[in-house]
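Novice: Coordinates for the following, if possible.
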Amino acid sequence: MSRVTLFEKTSWTSKKPSDTFCNLLLICILLAVTVLSVYWQVVGFDFINFDDLIYVKNNNMVREGITLKGIIWAFTSVGYASNWHPLTWISHMLDVQLFGMNPGMHHFTNVIIHTFNTLLLFFVFERMTGAVWRSAVIAMLFALHPLHVESVAWIAERKDVLGTFFWLITMICYYWYVRHCDIKRYLIVIICYILGLLSKPMLVTLPFVLLLLDYWPLNRLEPIVRDEGSNSKQNERMVGPVIKWPMIKPLITEKIPLITLAVIASCMTIFAQHNDQAIYSLQELNLSLRILNAISSYTAYLEKMVFPFNLAVFYPYPTIFHLYMVIPYSVLLLMITTLVLFFVRSLPYLAIGWFWYLGTLIPVIGIVQVGDQSMADRYTYIPLIGIFLIGVWGLGDLISKWRYGEFALRILPTALLLLLMWVTWIQVGQWKNSEILYRHALHVTRNNFLAHYNLGVTLFDKGDVDGAIKQYKDTLKINPHISGAHNNLGIIMFRIGNYTQAIYHFSAALKINPYQAEVYNNLGGVYYCKGNIKKAIECFRNATQDMPDYTIAAQKLNIAQNDQKNIDNLISWVRGQLKQEPNNPALYIKLGDIYRQQEDFNEAMKQYQMAVSLEPKSIPAMNGLALIYTAQQEYTKAVDLLLRIRQIQPDNAETYYNIACIYAKQNMSNQSIVWLKQSIEKGFHNWDLIRNDPNLDNIRSTAFINELIKKH
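Specialist: Predicted coordinates:
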């Protein structure tokens, strides 16, 4: 089969056999050097706490390197990380085997694969079209476009670069098969395609792309047509054939094995994502919103291709779509589609590139919504090749007719190369570590709850607790249904001793998703520290029910159950003592304290009231009642009791402090500060408590508190 030669008018479109091996080698060296020079910086980058932890850092199977157990797991773990891609898992294991847990080398493996992809892409188009320099420019755009940084600089996106490697190998083998069709060559195509599907299921669209290539540039429907009325080779051009079913049918039939494999891979992927609860239902996100987002995303990717700025690791799903924006997008897409179909015979690369772009984005355009993102830069790694094809071939045809076209075609690629290297170098730097990545995302996007959340995780790991709290609260302001933010806030509140807020956040996390063993375990820990052993037992038991092999929760459950037996024995002992000393207020107070810690407030109140009836001036009993009233938000009754205590002990600084806390909880700042000042005057100098007490949160931003903290 003859190869299609499209360009004769400029030296930018050198043809075989005049192209020399040295020219091809020089292009390959140039492409490899530019990729490595831009991406070399990744060797100093860290793991990103967004999927890198799941894929490598905290993945015990991967961390062991290449093992038989790990390989079996790679092929049988359907749903882990919401995917089934065994070759990707094995590639990560190989990295660990070779480089240990050095994140820079894991990053650099992606760069090496991306470099090979660039060279393969050049080779594919050079072989299929014979247009050396245009193929080189397409490869350059692919290698250096900022939208592709996410696929290369993110360790967890190994599946993207690895899957594309086998995509391009399959295309090369397909070209080899088309030149001399035989079953052995076709079997090699199938094997390469299977390897690709085992790396990333997005390759399900490859059979469709091969059908496009059959039309152009492989020209499997009709031979090259020459312009009538001219024997000049300079006027020779490709004219797309008329599409007829008898010609297409055998080509589709030929792809049936590949299509079957694509269907199987699609089913495996959907099963894996359902298994991991990653797919949104139509009740959660209706079809009309998905279609509107898909239309917006198709145009947004084109915009970012031309203006590759303000790129982010995560783009939040819009809460509303305006028809005045979506309608023009729809019209634009329809107009482009109509236009490329109109020129399908005279300029076939327009239709091939456009349908390459539209078709390869279908699995990730959001009709089947997986995850919270509206779009993602990594999704363009393969699809943009179609747009690059349109741009390079179209601009080449246009400029070659210009008087100064030869000069322009020498200058433009060089200028574009330098510009892309500069912009992409900067974009690669955004992936140095998690903090830089998420702060950049927050700078260039709005309402980015995921960036706030992951930045909170990063800051907490660094020891910046205040910064983490702010980021988690910002997360919940944008999206109050992020259970992880509630859980992490609960952990922080527990560590700083704010048990009330810890319980609130853990409980909120469980309302969002009641099947979280870790959160039940955390909540049980708070109740245990508060002394509410019954509640702790209930939480630990729920944790073990959700996750039967949760060893830590099981151990805590046993400890709590033993403690509950001790408490029950203590209650029985105190009640036994009360039978002997029914008028001993101290025994009633002790019993009240036990019930209060168990949050059995009704029983605790009875015991404290009995103590007060026996000893009207019993300060411990009145303090216990005040605590119960405060917990039940009966603040007036609590303050009345504390005022009675003040009359009995006018110099008790803690009483003044407790009154200040109650007023603060009611947002009565002035009254709270008055009582807090009096408590300090009476000798309350627990500055750490004043600084961290959650009861004072509502007045913490006041000038008085800020000044007090500065002094102490």
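
Novice: ranges for the strands of this protein?
Specialist: 315-316, 373-375 (DSSP state E).

Novice: Identify whichever of those lies nearest to residue 141.
Specialist: strand 373-375 (19.8 Å; CB to CB). Any C-beta I mention is one placed from the backbone N, CA and C, and that applies to glycine too.

Novice: Adjacent strands (with direction) for that closest one?
Specialist: Partners of strand 373-375 in the sheet, by DSSP bridges, are strand 315-316 (antiparallel).

Novice: hang on, the earlier thing: residue 603: which of the strands of the chain is closest?
Specialist: strand 315-316 (48.7 Å).

Novice: And for the closest one, what's in contact with it?
Specialist: The contact list for strand 315-316 (CB atoms under 8 Å, 6 or more residues apart in numbering) reads 372-376, 445-450, 478.

Novice: re the thing from before, could you export the strands of the chain as a markdown table, including distance to residue 272?
Specialist: Shown next, in a markdown table, are the strands of the chain (distance: least, CB to CB, whole Å):
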| stretch | distance to residue 272 |
| --- | --- |
| strand 315-316 | 23 |
| strand 373-375 | 18 |
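
Novice: Of all those, which one comes closest to residue 140?
Specialist: strand 373-375 (24.4 Å).

Novice: List of residues touching the closest one?
Specialist: Strand 373-375 has contacts (CB under 8 Å, 6+ apart) with 293, 296-297, 300-301, 314-318, 366.

Novice: Going by neighbour count, which of the residues you listed comes out on top?
Specialist: Highest neighbour count within these: residue 366, with 26 neighbours (other CB atoms under 10 Å).

Novice: Would you map the helices across the stretch 1-150 of the chain?
Specialist: With DSSP state H, counting those that start in this stretch applied, the stretch 1-150 of the chain shows helices at 21-39, 52, 60-63, 68-76, 86-99, 103-129, 132-144, 149-153, listed in chain order.

Novice: right, I mislabeled it, should have said the stretch 251-400 of the chain
Specialist: 256-275, 287-306, 323-342, 348-361, 384-400.

Novice: helices or strands next to the third one in the packing?
Specialist: So the one you mean is helix 323-342. helix 287-306, helix 348-361 (3 or more CB pairs under 8 Å, 6 or more residues apart in numbering; DSSP states H and E).

Novice: Return the most buried member of those.
Specialist: helix 348-361 (a mean of 23; mean count of other CB atoms under 10 Å).

Novice: from the contacts of strand 315-316, which is closest to residue 613?
Specialist: residue 478 (52.8 Å).

Novice: doesn't residue 445 make contact with that closest one?
Specialist: No: if you go by CB atoms under 8 Å, residue 478 and residue 445 don't touch, sitting 11.1 Å apart.

Novice: for this protein, what are the low-confidence residue spans?
Specialist: Within the chain, the stretches with pLDDT under 70 are 1-20, 222-243, 275-278, 403, 405.

Novice: What helices and strands are in contact with the lengthiest helix in it?
Specialist: Taking DSSP state H as the criterion, the chain has its longest helix at helix 551-580. Here helix 551-580 touches helix 517-530, helix 533-546, helix 585-597, going by 3+ CB pairs under 8 Å, 6+ apart.

Novice: now do 10 Å
Specialist: helix 517-530, helix 533-546, helix 585-597, helix 601-614 (3 or more CB pairs under 10 Å, 6 or more residues apart in numbering; DSSP states H and E).

Novice: how about a markdown table for those helices, with distance to residue 678 added?
Specialist: As requested, the helices and strands packed on helix 551-580 are exported to a markdown table (distance: least, CB to CB, whole Å):
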| stretch | distance to residue 678 |
| --- | --- |
| helix 517-530 | 29 |
| helix 533-546 | 36 |
| helix 585-597 | 27 |
| helix 601-614 | 25 |
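
Novice: For residue 431, find the nearest of those.
Specialist: helix 517-530 (28.7 Å).

Novice: Pull the distance from the closest one to the chain's centre.
Specialist: The chain centroid and the centroid of helix 517-530 are separated by 27 Å, computed with CA atoms, centre = their mean, to the nearest Å.

Novice: thinking again about what came up before, with distance to residue 30 and mean neighbour count as new columns, can the helices and strands packed on helix 551-580 be given to me in JSON lines?
Specialist: Listed next are the helices and strands packed on helix 551-580 as JSON lines, based on distance: least, CB to CB, whole Å; neighbours: other CB atoms under 10 Å:
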{"stretch": "helix 517-530", "distance to residue 30": "51", "mean neighbour count": "22"}
{"stretch": "helix 533-546", "distance to residue 30": "56", "mean neighbour count": "21"}
{"stretch": "helix 585-597", "distance to residue 30": "74", "mean neighbour count": "21"}
{"stretch": "helix 601-614", "distance to residue 30": "77", "mean neighbour count": "18"}
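
Novice: Quick one, which of the ones you listed gets closest to residue 112.
Specialist: helix 517-530 (37.2 Å).

Novice: Give me the neighbour count for residue 637.
Specialist: 14.

Novice: Could I get the contacting residues of the closest residue to it other than its chain neighbours?
Specialist: Sequence neighbours aside, residue 629 is the residue nearest to residue 637 in space, at 4.4 Å (criterion: CB to CB, 6 or more residues apart in numbering). Shown in contact with residue 629 (CB atoms under 10 Å, 6 or more residues apart in numbering): 601, 605, 635-642, 662.

Novice: Ok, residue 41 next?
Specialist: 104, 107, 111, 153, 425, 428-429, 431-432.

Novice: Domain boundaries for the chain, per the record?
Specialist: Using automatic domain parsing, the domain parsing of the chain gives 11-429, 449-653+662-668, 654-661+669-712.

Novice: any chance of the ones you listed in JSON lines, plus distance to residue 438?
Specialist: Output for the domains of the chain, formatted as JSON lines (distance: least, CB to CB, whole Å):
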{"stretch": "domain 11-429", "distance to residue 438": "7"}
{"stretch": "domain 449-653+662-668", "distance to residue 438": "4"}
{"stretch": "domain 654-661+669-712", "distance to residue 438": "26"}
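
Novice: Sounds good, over and out.
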